[in-house]
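Trainee: A predicted structure for the sequence below; I have some questions about it.
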Protein chains: 2
Amino acid sequence: MEPEQLGLEFLFQPKSIALVGIPSNSANPLVDMFLRPLVEFGFAGELYPVNPKGSKVLGLEFYPSIKDIPGAVDYVIGAVPARFSHQVTQDCAAKGVKAISFYTAGFSETGEESGAALEAEIVNTARRGGVRVLGPNCMGIYCPKGRLAYWPDFSKESGPVAYLCQSGGNSIHLVWMGAPRGIRFSKVISFGNACDLNEADFLDYFTYDPDTRIIAAYIEGVKDGRQFLKVLSKAAEAKPVIILKGGRSEAGTKAAASHTGALTTDDATWDALCKQLGVIQVSSMEELADVIVTFLFLPPCGRNVAIVTAGGGVSVLAADDCESSGLAVPPLPAEIQDQLRHCTTGIGNILRNPVDLSDVFFDPQGVANALRIISSWQGIDLLILPLIGGVPLQSGRRMSYDVLVDIVPNWGTLPPKPTAIVVQPGTHPDASQDAFRVQQEFASAGFPVYPTMVRAAKAIDKFISYHQRRGQSQQEDRNCKI
Amino acid sequence: MEPEQLGLEFLFQPKSIALVGIPSNSANPLVDMFLRPLVEFGFAGELYPVNPKGSKVLGLEFYPSIKDIPGAVDYVIGAVPARFSHQVTQDCAAKGVKAISFYTAGFSETGEESGAALEAEIVNTARRGGVRVLGPNCMGIYCPKGRLAYWPDFSKESGPVAYLCQSGGNSIHLVWMGAPRGIRFSKVISFGNACDLNEADFLDYFTYDPDTRIIAAYIEGVKDGRQFLKVLSKAAEAKPVIILKGGRSEAGTKAAASHTGALTTDDATWDALCKQLGVIQVSSMEELADVIVTFLFLPPCGRNVAIVTAGGGVSVLAADDCESSGLAVPPLPAEIQDQLRHCTTGIGNILRNPVDLSDVFFDPQGVANALRIISSWQGIDLLILPLIGGVPLQSGRRMSYDVLVDIVPNWGTLPPKPTAIVVQPGTHPDASQDAFRVQQEFASAGFPVYPTMVRAAKAIDKFISYHQRRGQSQQEDRNCKI
């Protein structure tokens, strides 16, 4: 750990927070976003809502200004109109505030000179006063350990994923959709225009953060290319870094400029950089979540997959998806197929790999036996179980994949092959809650869960490629030393 | 219409059905799959369960054999073990049955000589007796008009999509996941090993079927290449034909052989064929559904998209997804942006295209005004509304996209631009039912609905390319005539 990198700890563990511009109407979205989550998370320090017009909100008394707060203030959330933002910054400097996070928009991202000038003025005032600025035009910090959140329903559990995100909406989107798949965060930073603290600062911090094992990022543009390259290189050396780059197209680039004032780099440069540094690139929020669950839950392994499922069509397509994504689906040897024949009726079953267990898929013992037999073969590195034929039968019969949930507690008795699960909650309202339940059971038990086979295969391919590359470069390092 | 093509009508409108091998235990899956749906669909003709051991099932009396049934039998569903299948076929021939659909597996798909020989024997006996065979190793026919179904919960509504599917599971999967997105079927045929009636027969039938406007297919292999090419060519000339080819990889090809005994063609030949004939190829069940909803609900249009959404990050990524999928996102002219500025606060909004309406997204009137202004510009051909930021706020505030549901009934008052909706029900159990509700509201109102932006963009690109190609070839035809 390099001591100078701990300089951002005040963002994640403030002792007191002032919320400036929070209205007194407790049904207002600003209250829902910024104040209520702190109260409900049980933020341990002092909370000071600031608004010259208010009396009380959620049982907390308003202060007319930051200067009127009796105690010290570590951290300020600013939700005032842009025209008041400089005054608030001055007040923060006078009060000895360590950092302010501005939700307020209307700065450099407007593309207008006055907005850019105001942003520059804030930075100047803040720097002279020893205040660090997050944003503006951002949601701020989510840190379960510090009991900080900016959205209701964010998980109170910590996890090993750090996420730096230039978009507030995209930060919420990942936290939200990652939750049922078992993604938990050490820290999430929504950092908007990045006028003072920027992506390089956060990346650098996460590189040395002991609570962070995986770094995820949504970035629209880079403030200081040279500095970013330096910290990205160190970060990628230390931990898996998964980046979704927004603004890859012309219209996207222009939208990014209006969104966060970002000056995006061209695609080819970015691709080359990521490739050289071993940064994992993804192209959508969905893929970002897929790759994160893979790094969270799959141990490093080879490319030889056994596909175990119920159904012929799903078997065929799963094999196609694996091979087209760079995974291999080797045929099981005759002796393994013979053993499998003993625990299925053998009729209508595909046993070569994929293995179609249709006729025992309602029998936990039969499925467990088959998984044991398949896993015993050294020729495969991981199992993928696409459970997407889960259309419930009307008479109350359980979905076919329930049987696998029964096996989960005894999974440890099976040969320990890495296993990935494919289950699709979004296809039909009548099956969705059941599918989510199964998804969450597997996620809680530490399995990576994906909604479609092709998404699973692509994420796993990126994961394996990452480890292969690192293995090679470590080998090269060793060779150099010899 | 060519009269000889009507020869399969007996499959879809039988007057009486015998179910052979149905057990008397009404909780058995075979009852759930084959008998219960016919009863619950209100099949208008006679239903005869056949089983020498049974007495009654679902209130219907068992007959010991087909020969013991008093009335005529048009259609037989065979779920007997393979060793009884030839006897059943002989009984069908003796009884004058028009067609039998064998759920039974254990034939050519086993790869064993005895299985292939049995299948050949069945075909011989059936042909000599004037009986057509569907399958074996298939689910048979779903036809809402004929009140035929092979799975509970299939929609009773007819629609213009015909689906020929070599996999029973994949047939159920599309019907099931297509339902909330508004996909309704004229006929679905699950045809398994295709020992007698095959993909060419069905494709030919659908080409002339007045109830069918769009033809979808999942095919693992082709029985007679020359015949298939001939009918595919006619089908693709007459109607959009969307094909998912199973068995594109080596492992997939081998699995397809074990699944339906299919001899798959190589990828390059298949691709060239589809391209030449204007057949739309898809690579997953999900994409099959995406392309179908596009053909169902989107009128032919150009590639210039206006993206209207709530959120900066989602705007940036949506623009990237559109442009990377072959759609264009042209900037709105200054005068349109000026008009938009009047119906938003203008702060933090992106108005160039994408248009980020965050600050009016809870106001139906504001959104309607903005949509009207955007649509009034001739430079765009269609609207795409990605509503994926729909994380509900805890205090009971409605999801942002609810506001659009309010506008749906008055959509007719907006300038008539084709519109696509992106809403994601599969991300979180707490928001899933709401998202499905919104999805279904839009689907019922005739909008194509997609779960992610990139899936929307790719499907719409294929749709536009199809129409462009047809426009060009019609133009060439006209030029030739001149």
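Mentor: Good, I have the coordinates.

Trainee: ok, now which ones touch the residue of the stretch 301-450 of chain A found nearest chain B?
Mentor: Closest residue of the stretch 301-450 of chain A to chain B, Cβ to the nearest Cβ: A:Gly426 (2.1 Å). (C-beta placed from N, C-alpha, C; glycine too.) A:Gly426 sits next to A:432, A:451, B:424-427, B:432, B:451 when contact means Cβ atoms under 8 Å, 6 or more residues apart in numbering or on different chains.

Trainee: Separate out the buried members of those.
Mentor: With burial judged by 16 or more other Cβ atoms under 10 Å in any protein chain shown, the buried subset of the contacts of A:Gly426 is A:432, A:451, B:424-427, B:432, B:451.

Trainee: will you turn these into TSV that also has pLDDT, secondary structure and distance to A:Ile77?
Mentor: Below are the buried ones among the contacts of A:Gly426 laid out as TSV (pLDDT from 0 to 100; DSSP: H, G, I helix; E, B strand; the rest coil; distance: Cβ to Cβ, whole Å):
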residue	pLDDT	secondary structure	distance to A:Ile77
A:Ser432	83	helix	35
A:Pro451	93	coil	35
B:Gln424	86	coil	29
B:Pro425	86	coil	32
B:Gly426	80	coil	32
B:Thr427	83	coil	27
B:Ser432	83	helix	31
B:Pro451	93	coil	34
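
Trainee: quick one: the closest residue to A:Leu277 other than its chain neighbours and A:Tyr466, what's the gap?
Mentor: Among residues not flanking A:Leu277 along the chain, A:Ala236 sits closest, at 4.4 Å (Cβ to Cβ, 6 or more residues apart in numbering or on different chains). Note on A:Ala236: its distance to A:Tyr466, by Cβ to Cβ, to the nearest Å, is 10 Å.

Trainee: Report all helices and strands that the stretch of helix or strand A:His86 belongs to contacts.
Mentor: Using DSSP states H and E, A:His86 maps to helix A:85-95. The helices and strands touching helix A:85-95, judged by 3 or more Cβ pairs under 8 Å, 6 or more residues apart in numbering or on different chains; DSSP states H and E, are strand A:75-78, strand A:99-102, helix A:113-129.

Trainee: what inclination does it have with respect to helix A:113-129?
Mentor: 0 degrees (axes from the mean of the first three to the mean of the last three Cα atoms, to 10 degrees).

Trainee: So the residue nearest to A:Leu277 is in contact with A:Gln281, correct?
Mentor: No: the criterion here is Cβ atoms under 8 Å, and A:Ala236 misses it with A:Gln281 at 11.5 Å.

Trainee: circling back to that earlier point, hey, what's in contact with both of A:Ala236 and A:Tyr466?
Mentor: Counting by Cβ under 8 Å, 6+ apart, the residues touching both A:Ala236 and A:Tyr466 are A:Gly278.

Trainee: Quick check, pLDDT for the nearest residue to A:Val20 once chain neighbours are set aside.
Mentor: Spatial nearest neighbour of A:Val20, chain neighbours left out: A:Val50 (4.3 Å); criterion: Cβ to Cβ, 6+ apart. For A:Val50, the model assigns a pLDDT of 96.

Trainee: same deal with A:Asp201?
Mentor: Reported pLDDT for A:Asp201: 96.

Trainee: quick revisit: ramachandran coordinates for the residue of the stretch 301-450 of chain A closest to chain B?
Mentor: In terms of degrees, to the nearest 10, the main-chain angles of A:Gly426 are phi -100, psi 10.

Trainee: Check the gap between it and B:Val423 for me.
Mentor: Taking Cβ to Cβ, one finds A:Gly426 at 10 Å from B:Val423.

Trainee: quick one: common contacting residues for these two?
Mentor: By Cβ under 8 Å, 6+ apart, the residues touching both A:Gly426 and B:Val423 are B:Pro451.

Trainee: related to what we said a few turns ago, buried residues in the helix holding A:His86, which are they?
Mentor: Those would be A:85-86, A:88-93, A:95, for helix A:85-95 by 16+ other Cβ under 10 Å.

Trainee: still on that earlier bit, need the buried ones among the contacts of A:Gly426 in CSV with distance to A:Tyr150, can you?
Mentor: As requested, the buried ones among the contacts of A:Gly426 are exported to CSV (distance: Cβ to Cβ, whole Å):
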residue, distance to A:Tyr150
A:Ser432, 28
A:Pro451, 27
B:Gln424, 21
B:Pro425, 25
B:Gly426, 24
B:Thr427, 19
B:Ser432, 23
B:Pro451, 26
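
Trainee: Does stretch A:441-455 reach chain B?
Mentor: Yes: Stretch A:441-455 comes into contact with chain B (Cβ under 8 Å from any Cβ of the partner chain), by way of A:451-454.

Trainee: Quick check: buried residues in that stretch?
Mentor: Here stretch A:441-455 shows A:441-443, A:445, A:447-455 as buried, counting by 16+ other Cβ under 10 Å.

Trainee: if we can go back for a sec, next, the residue nearest to A:Leu277: secondary structure please.
Mentor: Secondary structure state of A:Ala236, per DSSP: H, G, I helix; E, B strand; the rest coil, is helix.

Trainee: Please list all residues in contact with it.
Mentor: A:Ala236 sits next to A:277-279 when contact means Cβ under 8 Å, 6+ apart.

Trainee: near chain B, which residues of the stretch 1-150 of chain A?
Mentor: Residues of the stretch 1-150 of chain A lying near chain B (Cβ under 8 Å from any Cβ): A:26-27, A:29, A:31-33, A:36, A:82, A:105-106, A:109-110, A:137.

Trainee: what helix or strand is A:Tyr218 on?
Mentor: Assigned by DSSP H and E, A:Tyr218 falls within strand A:214-219.

Trainee: is that strand anywhere near chain B?
Mentor: Yes: using Cβ under 8 Å from any Cβ, strand A:214-219 reaches chain B at A:Tyr218.

Trainee: what helices or strands is the helix or strand containing A:Ile292 leaning on?
Mentor: A:Ile292 belongs to helix A:285-297 when assigned by DSSP H and E. Where contact means 3+ Cβ pairs under 8 Å, 6+ apart, helix A:285-297 is packed against strand A:158-165, helix A:168-178, strand A:214-219, strand A:241-245, strand A:280-282, strand A:449-450, helix A:453-481.

Trainee: Wasn't A:Glu308 part of a helix?
Mentor: No, residue A:308 isn't Glu; it's Val. No: assigned with three-state DSSP, A:Val308 falls outside any helix and is strand.

Trainee: Any regions of chain A where pLDDT drops low?
Mentor: In the predicted model, chain A carries pLDDT under 70 at residues A:1-6, A:263-264, A:345-349, A:388-403, A:479-482.

Trainee: The closest residue to chain B within the stretch 101-250 of chain A and B:Thr427, how far apart?
Mentor: When scored by Cβ to the nearest Cβ, the stretch 101-250 of chain A has A:Ser167 as its residue closest to chain B, at 2.5 Å. As judged by Cβ to Cβ, A:Ser167 and B:Thr427 stand 17 Å apart.

Trainee: how far off helix A:285-297 does the strand holding A:Tyr218 point, in degrees?
Mentor: 170 degrees.

Trainee: contacts for strand A:214-219?
Mentor: A:160-167, A:170-171, A:174, A:199, A:203, A:206-207, A:235, A:239-246, A:285, A:288, A:292, A:295-296, B:313.

Trainee: Output stretch A:354-374 as CSV, nothing but the C-alphas.
Mentor: Presented in CSV, the C-alpha positions along stretch A:354-374 are these (Å, rounded to 0.1, in the frame of the first residue of the first chain):
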residue,chain,number,x,y,z
PRO,A,354,-23.8,-31.1,-24.4
VAL,A,355,-25.4,-33.5,-22.0
ASP,A,356,-29.2,-33.4,-22.1
LEU,A,357,-30.6,-34.7,-18.8
SER,A,358,-34.3,-34.1,-19.7
ASP,A,359,-35.5,-37.3,-18.3
VAL,A,360,-33.9,-37.0,-14.9
PHE,A,361,-34.2,-33.3,-14.5
PHE,A,362,-36.9,-33.7,-11.9
ASP,A,363,-34.8,-36.1,-9.8
PRO,A,364,-32.1,-34.4,-7.6
GLN,A,365,-30.2,-37.6,-7.1
GLY,A,366,-30.1,-38.4,-10.8
VAL,A,367,-28.8,-35.0,-11.7
ALA,A,368,-26.3,-35.0,-8.9
ASN,A,369,-25.0,-38.4,-10.1
ALA,A,370,-24.7,-37.2,-13.7
LEU,A,371,-22.9,-34.0,-12.6
ARG,A,372,-20.5,-36.2,-10.6
ILE,A,373,-19.8,-38.5,-13.5
ILE,A,374,-19.3,-35.6,-15.9
